[in-house]
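A.B. asks: sequence and computational prediction follow.
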Amino acid sequence: MQMLGNRNFLSPTYLNELGHIESNFECALGTGFSKDLPLLHFVVAEYTRTPKWLKLHHRQAASVINGSVVPLPGEHYLHHTHTGEIADGVREWEAGRTGAGQRRCCRSHARGRAGPPDGSWKRV
């Protein structure tokens, strides 16, 4: 994992993103998620650099109709260290959403495919 991190650390894409970090944050201020967007956050449980980190994500989840927060121990890149837990958590969350009468975005998705054969995303 350290090798991957080191390989990507000074890539042109990474450096470009660092050069735009301030303007990206300024553009994102005052924005939020669409109320009907299902939202599942896997978040560092105790992020000492930003003490309000977990509270911020709980607030974001509360701003939508179907929002959840899953605090996990670790550092910022949880997907590197908690891959299995995150995959299981997504499956459980999705099963709970569809089992509770939530509709999927399209007929094909409801049948378990990534998207409809014709490429459209019509509501069922």
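C.D. replies: That came in fine, so what should we check first?
A.B. asks: which helix or strand contains Glu26?
C.D. replies: For Glu26, the element it lies in under DSSP states H and E is helix 21-28.
A.B. asks: just the CA atoms of that helix, as PDB, please.
C.D. replies: The C-alpha atoms that make up helix 21-28 are tabulated as PDB, following Å, rounded to 0.1, in the frame of the first residue of the first chain:
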ATOM      1  CA  ILE A  21      -7.400  22.900  -3.600                       C
ATOM      2  CA  GLU A  22      -8.200  26.400  -2.400                       C
ATOM      3  CA  SER A  23     -10.300  27.300  -5.400                       C
ATOM      4  CA  ASN A  24     -12.100  24.000  -5.200                       C
ATOM      5  CA  PHE A  25     -13.000  24.500  -1.600                       C
ATOM      6  CA  GLU A  26     -14.200  28.000  -2.300                       C
ATOM      7  CA  CYS A  27     -16.400  26.700  -5.100                       C
ATOM      8  CA  ALA A  28     -17.900  24.000  -2.800                       C
END
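A.B. asks: give me the distance between the following helix or strand past it and the centre of its chain.
C.D. replies: Counting by DSSP H and E, the element after helix 21-28 in chain order, helix or strand, is strand 39-44. Put simply, strand 39-44 sits 6 Å off its chain's centre (CA atoms, centre = their mean, to the nearest Å).
A.B. asks: repeat for stretch 39-47
C.D. replies: Distance, centroid of stretch 39-47 to centroid of chain: 9 Å (CA atoms, centre = their mean).
A.B. asks: now do the buried residues in that stretch.
C.D. replies: Going by neighbour count (16 or more other CB atoms under 10 Å), the buried part of stretch 39-47 is 39-40, 42-44, 47. All C-beta atoms are positioned from the backbone trio N, CA, C, and that covers glycine.
A.B. asks: for the chain, what spans make up the strands?
C.D. replies: 39-44, 67-72 (DSSP state E).
A.B. asks: which of those strands sits closest to Gly30?
C.D. replies: Checking those against Gly30 by CB to CB gives strand 39-44 as the closest, at 17.9 Å.
A.B. asks: thank you kindly, that will do.
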